[in-house]
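Novice: A predicted structure for the sequence below; I have some questions about it.
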Amino acid sequence: MPNIQVLDPHVADLIAAGEVVERPASVAKELMENAIDAGASAITVEISHGGMTFLRVTDDGKGIPAGELKTAFLRHATSKLRTEYDLEAIGTLGFRGEALAAISAVSRVEVMTRTADAPLGASLALEGGVPGQVEEAGCPLGTTMVVRDLFYNTPARLKFMKKDAAEGAAVFAVVQRAALSHPEVSVKFIRDGKQELLTPGDGQLQSAVYSVLGRELALGFRPVKSSGEDMTVTGFVSMPACCRGSRSWQFFFVNGRQVKSPLMAAALEQAYQNQKMVGKFPGCVLHLELRLSAVDVNVHPAKTEVKFGQERQVFSAIYHAVLSALERDRSHPQVELKN
Ligand code: ADP
Ligand code: MG
């Protein structure tokens, strides 16, 4: 037998799944992104045991046609991308066609879904990526995905999961970021039967910030609004006096996508130079909108890293937007509400 052989497709699928699905939080992120891409106005995320034994995402989006339900779970199957040219301007959160295949390869999935033109919905169960039969099901418009027993068939990964509380906290963080990324969507989070978050979905970022971060933090925020020819920066930043000991309350979004961006964080912090205490960090919820072709989102399987075509312009847009918000605040300090 030769030494070098192409892997069995089943093994290759498990390896690929590992890139997308690291832990329950990655499942929640992918399923919420699918719900947002489907135009949902309300999304509910429910978990038990930190999302390890049970994770359900329900949306009221456009649903999946019964005839395409099995296809949706195949690798590289997507309705969001057609040609290589589409990669240059991706307007949806998903585009790789990997998530459903990856999630179902390492868990037991049940889906129920109905489109607006279908009187009856459809359901499908998959175990370790192997689908059963598509069946008719009475269900509301939209999609419900239930993911059970994550990593039941990949013990190597299962071993590395943290305690339920830590995995649940990571899911919650993903849900919070999704709520901040799309204030027009009402987001609900239920952990072990207890509701922990409900955003109004009224389209106001301020309402989402209030629900997610709480009144106390929100009161220390000042609005940011600046639009140039190529870029718009909106959101909230903390007053220098309200800076904190960590960066954990810095939230950055690019065209509605939650991102990790050292560049955006550096621009934010530069604007506070000389205004904050050493070892303290500003908080923010900042949305950057720019031409789709000005940002490459196809950098990493988790899609949280992006590459900007014009890094200097992005830095400068964030820096100046934040600076002018801070200056406005100094010349017109808002009266703090007390009680
Ligand atoms: P991607 O999001 O990259 O297209 P996924 O594997 O996440 O890949 O999903 C595959 C396809 O299944 C999507 O392109 C979409 O057409 C469909 N789909 C998945 N989730 C939903 C949902 N919640 N509502 C409607 N369609 C969905
Ligand atoms: Mg997707």
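Specialist: In hand now; what should we look at? Numbering: from 1, shown residues only. Ligands and ions are numbered 1, 2, ... in the order given.
Novice: and the closest residue to residue 24 other than its chain neighbours, how many neighbours?
Specialist: Distances taken as Cβ to Cβ, 6 or more residues apart in numbering place residue 51 nearest to residue 24, at 2.8 Å, with adjacent residues excluded. The C-beta positions use only the backbone N, C-alpha and C, and glycine is treated the same way. Residue 51 has 28 neighbours, counted by other Cβ atoms under 10 Å.
Novice: The one 5 residues further on too?
Specialist: Residues lying near residue 56 (other Cβ under 10 Å) number 19.
Novice: tell me the SS of it?
Specialist: Following DSSP: H, G, I helix; E, B strand; the rest coil, we place residue 56 in the strand state.
Novice: what are the bridge partners for it, then?
Specialist: Taking DSSP bridges as the rule, residue 56 bridges to residue 46, residue 146.
Novice: got it, and residue 121?
Specialist: Beta-bridge partners for residue 121, by DSSP bridges, are residue 137.
Novice: Tell me how far the closest residue to ligand 2 within the chain lies from residue 224.
Specialist: Taking Cβ to the ion as the measure, the chain has residue 94 as its residue closest to ligand 2, at 2.8 Å. Using Cβ to Cβ, to the nearest Å, one obtains 28 Å as the distance from residue 94 to residue 224.
Novice: Which one's more surrounded, the two?
Specialist: Neighbour comparison, residue 94 and residue 224: the larger count goes to residue 224, with 24 against 20 (by other Cβ under 10 Å).
Novice: Name the helix or strand for the more buried one, please.
Specialist: Per DSSP states H and E, residue 224 falls inside strand 221-227.
Novice: List the buried residues for the helix or strand following that strand?
Specialist: With elements assigned by DSSP H and E, the helix or strand that comes after strand 221-227 is strand 231-238. By 16 or more other Cβ atoms under 10 Å, the buried positions in strand 231-238 come out as 231, 233, 234, 235, 236, 237, 238.
Novice: and the next helix or strand after strand 231-238 with strand 231-238, angle?
Specialist: Note on strand 231-238: by DSSP H and E, the next helix or strand toward the C-terminus is strand 250-254. Between the axes of strand 250-254 and strand 231-238, defined by axes from the mean of the first three to the mean of the last three Cα atoms, to 10 degrees, the angle is 170 degrees.
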